[in-house]
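Undergrad: Build the 3D model from these lines:
(5 chains)
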Amino acid sequence: MNARIGVADTTFARVDMAKFAIDVLKRYHGNIEIIRYTVPGIKDLPVAVKKLLEEKGCDIAMVLGMPGPNPLDKQSAQVASSGLVTVQLMTNKHVIEVFVHEDEAKSDNELYKIAKDRAEKHAQNLLKLLFKPEELTRDAGMGKRQGFPDAGPIRL
Amino acid sequence: MNARIGVADTTFARVDMAKFAIDVLKRYHGNIEIIRYTVPGIKDLPVAVKKLLEEKGCDIAMVLGMPGPNPLDKQSAQVASSGLVTVQLMTNKHVIEVFVHEDEAKSDNELYKIAKDRAEKHAQNLLKLLFKPEELTRDAGMGKRQGFPDAGPIRL
Amino acid sequence: MNARIGVADTTFARVDMAKFAIDVLKRYHGNIEIIRYTVPGIKDLPVAVKKLLEEKGCDIAMVLGMPGPNPLDKQSAQVASSGLVTVQLMTNKHVIEVFVHEDEAKSDNELYKIAKDRAEKHAQNLLKLLFKPEELTRDAGMGKRQGFPDAGPIRL
Amino acid sequence: MNARIGVADTTFARVDMAKFAIDVLKRYHGNIEIIRYTVPGIKDLPVAVKKLLEEKGCDIAMVLGMPGPNPLDKQSAQVASSGLVTVQLMTNKHVIEVFVHEDEAKSDNELYKIAKDRAEKHAQNLLKLLFKPEELTRDAGMGKRQGFPDAGPIRL
Amino acid sequence: MNARIGVADTTFARVDMAKFAIDVLKRYHGNIEIIRYTVPGIKDLPVAVKKLLEEKGCDIAMVLGMPGPNPLDKQSAQVASSGLVTVQLMTNKHVIEVFVHEDEAKSDNELYKIAKDRAEKHAQNLLKLLFKPEELTRDAGMGKRQGFPDAGPIRL
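TA: Down below sits the predicted model:
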């Protein structure tokens, strides 16, 4: 039950989401080592996380970022997301992307809450991927959400 | 007539589509082994399915997901789809994508039916790719659809 | 003057375009072998054609598909096209993409004609790439079209 | 001062742009060899130019194409451009993209002039990349344009 | 505390942003070597920076460009950005992208100021990535901006 977990985040984000994620990871009763890596913006995340996985020996990673509300920000998020998928395919390791778009919320207060909730729930998802994958399968198709309440499953 | 089939799905989806697919696969009268892998969201699917194909020795796979209705969800679906194509090119194995977009239906009821039909028909497509490719060639250009009734061929 | 040519198409398309292409290829007075591979949809084409080029030893290939009229269909076409470019760069072999978008025509009748013309002309292009590249250079900048009449060159 | 230069173009384009480029390249007083390769459309250019660089031993290349005015044409241009960047990263060689979009001009006459000017200026850029990189650095941030008059630098 | 830093820029840009960046890099009290490489446009940057990292032995790089205001320019920027992410994943080295879009400002004067500020601040970020990564982690989630004043962190 040992694992080295990479956590990459940005100075661009307006909420220290990595802190929320790390708090969850640390509460796990296992032998976990966390390595944190902060970069300027989301497009710097793919290589940062690749270095965590390859050079620092992390088994899995999560990245946290907060793209802005403009079309160019959406384009940057797409470039970053594509790069993160490529990193996973190059390493055969999971990288959980925790992006909170500034226009998902109507106020700073709400944005903060979304960011906290999403970071925490995805930290739990990361632990399940590592240690309890059967819990994810139990929740397959259950409309789970991060940052918002679960949508829940459709029942006929 | 042996095959190991990977089935990857998400906790985000609101319908347990993998169950429908697996039911079809199990009805096949051959020596089939199914390995299921559930991840949080569709962007986690590419590496999940690559692990199924490479680390678990699957010969083919299908992935099932349910992207939301917003522009960001469409962008996520594009990132995921591109990654799934890359996985196939890295492994020379087929991965059938079964994505049902929430805005394809006007009600939960309809969405459920689309999801069930698409998952089942693509499970049949997977079996044809594996065991009866000549049946697909017989249907070439016939306007086959999954999730909806067939459009049918254009006849002059 | 020997060549093995791969032809990949889909059951989704509403016209059997591969038949038109193969008819042209067969009329060529050379030692040509054609291998056909039908898959469900356009996103299944990249790996199908890669298998034709790598596992079946094809020297060149063409793919034929008919994306639907909705934004999601355009997105699927982009994912498929990008994958087809990647296949070519991985194999150093040409893959001619013959996509006919349903919204290119105002009627089924017109769609059928576009599909037939485009498939036939691109089959001729494939033969030129293989056997008579100088004919393509002779037509450089001549506004050639497939599916529609040639636009022709701009003359001052 | 020897160099082998690849020039790839299309039959789709309505102007023989390669001719303009080759005229400029030939006026260079060095030992230059030019290899031309014509394909049907812009999405055929990435593998064409990769073959020029790898199989024909070209040191550098330029590609010339003329995407149409519709959204699908823009999508094709993006797929082609992405492929061209990938070719460069796979070979560590420059490929100068000379694309002229049909909707950049209001008349055939204007389109022709843009195409000629852009092809010629980028042929000069190619020669600078090969033989006089310091001339490019001298022009850094100077608002250079191809196909249109230079925008020029912003001066406070 | 030795480092070789690549700086790639374009003749298309209307401001000599590389100069601002290099001025910051040179003020650093360490043994730094800077190698500059100028290309015509932003889509030439990915291979330029890959050559700096691989052939010139740079440890890290920054690229500076100024995409135009039109949709095609945005598309070019996306192609370039994706290529820059790929370069980083191929080399496991950071490449800081400094793109200033012409429509970020309402006047030439403002555009110049954004370009200068962004180039300088990202040069500082590059130095932190190389020599003082702990300073970036200290600023994680602090809403740092380049080209504009910091947005600052959200505080509840």
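Undergrad: For A:Y112, give me its contacts.
TA: A:15, E:154, E:156 (CB atoms under 8 Å, 6 or more residues apart in numbering or on different chains). All C-beta atoms are positioned from the backbone trio N, CA, C, and that covers glycine.
Undergrad: before we move on, what SS does the first one have?
TA: Put plainly, it is A:V15. Taking DSSP: H, G, I helix; E, B strand; the rest coil as the rule, one finds A:V15 in the coil state.
Undergrad: For A:R4, give the beta-bridge partners.
TA: On the basis of DSSP bridges, A:R4 is bridged to A:E33.
Undergrad: Hmm, it is touching A:N31, no?
TA: No - counting by CB atoms under 8 Å, A:R4 does not reach A:N31; the two are 9.8 Å apart.
Undergrad: In terms of neighbours, single out the busier of the two.
TA: Higher neighbour count among A:R4 and A:N31: A:R4, with 17 against 9, using other CB atoms under 10 Å in any protein chain shown.
Undergrad: tell me the pLDDT at the more buried one?
TA: pLDDT recorded at A:R4 is 97.
Undergrad: got it, and A:N31?
TA: 89.
Undergrad: got it, and A:I60?
TA: 98.
Undergrad: For chain E, see how far away it is.
TA: Using CB to the nearest CB, to the nearest Å, A:I60 is found at 18 Å from chain E.
Undergrad: Tell me the bridge partners for that residue.
TA: Here A:I60, judged by DSSP bridges, has bridge partners A:I5.
Undergrad: can you map out the strands along chain A?
TA: Per DSSP state E, chain A carries strands over the ranges A:2-10, A:31-39, A:60-65, A:95-99.
Undergrad: got the contact list for the shortest one?
TA: Strand A:95-99 is contacted by residues A:17, A:21, A:42, A:49, A:53, A:60-67, A:77, A:80-81, A:84, A:87-88, A:118-119, A:122, A:125-126, A:129, A:146, B:40, B:43-44, B:47 when judged by CB under 8 Å, 6+ apart.
Undergrad: Which residues of chain A lie near chain B?
TA: A:74, A:77-78, A:81-82, A:84-86, A:88-89, A:92-97, A:101, A:122, A:125, A:129, A:133, A:136-137, A:139-146, A:151-154, A:156 (CB under 8 Å from any CB of the partner chain).
Undergrad: Now do A:V49 against A:Y37, distance only.
TA: 8 Å (CB to CB, to the nearest Å).
Undergrad: Just want to know which of those two has more residues nearby.
TA: More crowded of A:V49 and A:Y37, by other CB under 10 Å: A:V49, with 28 against 24.
Undergrad: picking that back up, narrow the contacts of A:Y112 to just the buried residues.
TA: A:15, E:154 (16 or more other CB atoms under 10 Å in any protein chain shown).
Undergrad: and the contacts of A:Y112 as CSV, adding pLDDT and distance to A:K26?
TA: Below are those laid out as CSV (pLDDT from 0 to 100; distance: CB to CB, whole Å):
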residue, pLDDT, distance to A:K26
A:V15, 98, 19
E:I154, 97, 23
E:L156, 80, 22
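Undergrad: if I read this right, A:D16 contacts E:P153, doesn't it?
TA: Yes - contact criterion CB under 8 Å: A:D16 and E:P153 qualify, at 7.2 Å.
Undergrad: what residues do those two have in common as contacts?
TA: Listed as contacting both A:D16 and E:P153 by CB under 8 Å, 6+ apart are E:141-142.
Undergrad: Tell me how far A:V24 lies from chain B.
TA: A:V24 is 14 Å from chain B, by CB to the nearest CB.
Undergrad: For that residue, report the pLDDT, please.
TA: For A:V24, pLDDT reads 97.
Undergrad: Kindly report the same for A:M1.
TA: 62.
Undergrad: again, but for the one 10 residues further on
TA: pLDDT, A:T11: 98.
Undergrad: hang on, the earlier thing: give the residues shared as contacts by A:V49 and A:Y37.
TA: Contact with both A:V49 and A:Y37 is made by residues A:6, A:8, according to CB under 8 Å, 6+ apart.
Undergrad: which of the strands of chain A sits most buried?
TA: Most buried of those, by mean neighbour count (mean count of other CB atoms under 10 Å in any protein chain shown): strand A:60-65, with a mean of 27.
Undergrad: got the angle for that strand vs strand A:31-39?
TA: Angle, strand A:60-65 to strand A:31-39, by axes from the mean of the first three to the mean of the last three CA atoms, to 10 degrees: 40 degrees.
Undergrad: Any idea how far strand A:60-65 is from the middle of the chain?
TA: Put simply, strand A:60-65 sits 4 Å off its chain's centre (CA atoms, centre = their mean, to the nearest Å).
Undergrad: tell me what it is packed against?
TA: strand A:2-10, helix A:17-27, helix A:45-54, helix A:71-91, strand A:95-99, helix A:108-131 (3 or more CB pairs under 8 Å, 6 or more residues apart in numbering or on different chains; DSSP states H and E).
Undergrad: quick one: buried residues of the longest one?
TA: Which is helix A:108-131. So for helix A:108-131, counting by 16+ other CB under 10 Å, buried means A:111-130.
Undergrad: got it, and the second one?
TA: Neighbour-count burial for helix A:17-27, counted by 16+ other CB under 10 Å, picks out A:17-22, A:24-25.
Undergrad: same deal with the fourth one?
TA: Across helix A:71-91, burial judged by 16+ other CB under 10 Å covers A:72-91.
Undergrad: Give me the contact status of it with chain D.
TA: No - using CB under 8 Å from any CB, helix A:71-91 stays clear of chain D, coming no nearer than 10.5 Å.
Undergrad: Any residue of that helix touching chain C?
TA: No - judged by CB under 8 Å from any CB, helix A:71-91 makes no contact with chain C; its nearest approach is 10.5 Å.
Undergrad: Quick one: distance of that helix to the chain centre.
TA: That offset, for helix A:71-91, works out to 13 Å (CA atoms, centre = their mean).
Undergrad: angle of that helix against helix B:45-54?
TA: Using the same axes, to 10 degrees: helix A:71-91 against helix B:45-54 is 10 degrees.
Undergrad: could you say what helices and strands helix A:71-91 packs with?
TA: helix A:45-54, strand A:60-65, strand A:95-99, helix B:45-54, helix B:71-91, helix E:71-91.
Undergrad: Switch the ones you listed over to JSON lines; also include distance to D:T10.
TA: Shown next, in JSON lines, are the helices and strands packed on helix A:71-91 (distance: least, CB to CB, whole Å):
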{"stretch": "helix A:45-54", "distance to D:T10": "33"}
{"stretch": "strand A:60-65", "distance to D:T10": "39"}
{"stretch": "strand A:95-99", "distance to D:T10": "38"}
{"stretch": "helix B:45-54", "distance to D:T10": "33"}
{"stretch": "helix B:71-91", "distance to D:T10": "25"}
{"stretch": "helix E:71-91", "distance to D:T10": "18"}
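Undergrad: distance of whatever residue of chain A ends up closest to chain B from A:L127?
TA: For chain A and chain B, the shortest gap (CB to the nearest CB) falls at A:G141, measuring 3.3 Å. A:G141 sits 21 Å away from A:L127, going by CB to CB.
Undergrad: Kindly report the same for A:S82.
TA: Distance from A:S82 to A:L127, by CB to CB: 26 Å.
Undergrad: do the same with A:E102
TA: If you go by CB to CB, the gap between A:E102 and A:L127 works out to 28 Å.
Undergrad: what residues are up against whichever residue of chain A sits closest to chain D?
TA: Here chain A gets closest to chain D at one residue, A:S82, 10.5 Å apart by CB to the nearest CB. Contacts for A:S82 (CB under 8 Å, 6+ apart) come out as B:79, B:82-83, E:82, E:85.
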